[in-house]
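K.L.:
would you be able to build a 3D model of this:
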Amino acid sequence: MIDENAFGLLLGYHTIENDEYSCEPGEFSARLEGFHLAAVTWLAEERLGDNVQAVDLGHAVYLEIAESDETRDPIEWLRGWRAAVDTAGFTTIAVLTHGSRWIAEEGTAPELPGVECAKDTLVYRVAHSSEALRRALYADTAAQHDPTREGWGPGLYVDAEAIEALGKKLRNEPTALHVAGAMFYRLGS
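P.N.:
I've put the predicted structure just below:
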């Protein structure tokens, strides 16, 4: 295995807990299915680049693409994805990150996602170690409100490392948001 740089894009259903507790079970199931349908419909209609990998995390959909495999600006693409799902009636958080990920060496068959059984526990393997995924999950967690602190709230968050990897400069540098050693900027509410 080798490591390479990749962009991570996460689109999360920000108000999932509120909706779950305020809806009847059938109504919530339909809402959750609506979120996934809106998210996946965008993926089918709007190509980000080559060799995109996607993982449905239940509360969010996460994409990963090798740096330089993107054919569109990841920030603008993510902004569009979020807008499409928000238009379908969902409050979301969108996160763009950058970091290393481990992949199969070139010329070898990639390991496919799989399931292994550890006695009576099923273990689903969907990805190898990914810094971009970890950073996206940090931002998703920081966006949530809890009784001990105000969360960042719904919005579009971009990792400072992703901005650097894209060679972009922010016109007006927003307030830096820090979580677990990562720095993010909010680029939209």
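K.L.:
not counting its neighbours along the chain, what's nearest residue 90?
P.N.:
If you skip the residues right next to it in sequence, residue 90 has residue 35 as its closest partner in space, 5.2 Å away by Cβ to Cβ, 6 or more residues apart in numbering. Yep, even glycine has a C-beta here, placed from its N, CA and C like the rest.
K.L.:
oh, that last question was meant for residue 51, not what I typed.
P.N.:
residue 69 (5.3 Å).
K.L.:
so the one you found makes contact with residue 47?
P.N.:
No: using Cβ atoms under 8 Å, residue 69 makes no contact with residue 47, being 11.2 Å away.
K.L.:
these two: which is more packed in?
P.N.:
residue 69 (15 against 12; other Cβ atoms under 10 Å).
K.L.:
contacts only, for that one.
P.N.:
Counting by Cβ atoms under 8 Å, 6 or more residues apart in numbering, residue 69 touches 49-52.
K.L.:
so which one among these has the lowest pLDDT?
P.N.:
Lowest pLDDT within the contacts of residue 69 is found at residue 51 (91).
K.L.:
against which helices or strands is the helix or strand harbouring the residue nearest to residue 90 packed?
P.N.:
Following DSSP states H and E, one finds residue 35 within helix 25-45. Here helix 25-45 touches strand 2-13, helix 16-22, strand 60-66, helix 74-87, going by 3 or more Cβ pairs under 8 Å, 6 or more residues apart in numbering; DSSP states H and E.
K.L.:
let me see the residues that make contact with it.
P.N.:
Under the contact criterion Cβ under 8 Å, 6+ apart, helix 25-45 has outside partners 11, 13, 16, 19-20, 23, 54, 56, 61, 63, 80-81, 84-85, 88-90.
K.L.:
how far does that helix sit from its chain's centre?
P.N.:
From the chain centre to the centre of helix 25-45 is a distance of 16 Å (Cα atoms, centre = their mean, to the nearest Å).
K.L.:
pLDDT on that helix, on average?
P.N.:
96.
K.L.:
quick one, it and strand 2-13 angle?
P.N.:
Orientation of helix 25-45 against strand 2-13 (axes from the mean of the first three to the mean of the last three Cα atoms, to 10 degrees) gives an angle of 130 degrees.
K.L.:
sheet partners, orientation included, of the helix or strand just after helix 25-45?
P.N.:
Proceeding N to C from helix 25-45, the next assigned helix or strand is strand 53-56, under DSSP H and E. In the sheet, strand 53-56 lines up against strand 60-66 (antiparallel) (DSSP bridges).
K.L.:
many thanks, I have nothing further to ask.
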